[in-house]
Structures are given as structure tokens and as C-alpha cells.
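> Fold the following.
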Amino acid sequence: MFKNTLKSTFAVACASLLLSTSAFAADCTKMADEKKLAGAAKTSFVKKCEKDAAAAAPAASPACEKSAADKKLAGAAKTSHIKKCMADAAAKK
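Predicted coordinates for the structure are as follows:
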């Protein structure tokens with residue numbers, strides 16, 4: 001039972017990381033296009049941008065992700081819920 005729960009938790013964490021990484025990639029690529037970067041300059045900019053964005057955004061806890069999923073939240077509502085959930089969890093420590 002514990003192994004299945006651990007695997008599920010790990011899967012949710014990996015999925016949320018993948019989703020957030022792809023969102024960062026789209027934003028960074030858009031910014032590179034707005035700056036009219038191309039070739040190696042664009043690749044370098046996007047890589048650094050994604051690294052900086054990933055470091056700045058804390059990973060959501062599986063419990064907060066599950067809570068948002070249970071409430072069927074999406075978009076800004078989901079982001080807001082997870083942010084508040086994470087803040088509440090940090091305050092309890």
C-alpha cells in the first residue's frame with residue numbers, strides 16, 4: 001500500500017514539474033521572439049530563462065495538487081489555490 005502511494009505521489013510531482021516546465025518554455029520562447037533573437041542567442045536566452053523561472057517557482061506539494069484536482073480547479077483558480085495551500089502549509093510548520 002505504501003509503495004503505491006509513494007509511486008502516485010512521485011508521479012504527480014513529476015507531472016506538475018513537466019507541466020510547469022513546458023509553460024516556462026512557452027513564455028521564454030515568446031520573450032525571445034519579441035526580442036527578435038535567433039540561432040545560438042535565442043537558444044541561450046531560452047535555456048537561461050527556463051532555468052531562472054524554474055528556480056523562482058517552488059514546486060507544488062502533492063497534497064495541494066490533489067486538493068486542486070479534487071475541487072476540479074484549472075487555470076488561475078488552480079494557481080491561486082495551490083499558492084494559498086502552500087502558504088498555509090508553510091505557516092503551520
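> can you give me phi and psi for Ser61?
With angles defined as degrees, to the nearest 10, Ser61 sits at phi -70, psi 150.
> Any buried residues in stretch 64-77, and which?
Within stretch 64-77, the residues that qualify as buried are 64-65, 67-68, counting by 16 or more other CB atoms under 10 Å. C-beta here means a position set from N, CA and C on the backbone, and glycine is covered the same way.
> From those residues, pick the one nearest Lys47.
Nearest to Lys47 among the buried residues of stretch 64-77, counting by CB to CB, is Glu65 at 26.7 Å.
> how far away is the closest one from His81?
According to CB to CB, to the nearest Å, Glu65 stands 10 Å off from His81.
> Kindly report the same for Ala32.
31 Å.
> go on, Ser61?
For Ser61 relative to His81 (CB to CB), the value is 12 Å.
> what does Ala89 give?
Distance from Ala89 to His81, by CB to CB: 12 Å.
> The two - which one has more neighbours?
Per other CB atoms under 10 Å, whichever of Ala89 and His81 has more neighbours is His81, with 17 against 12.
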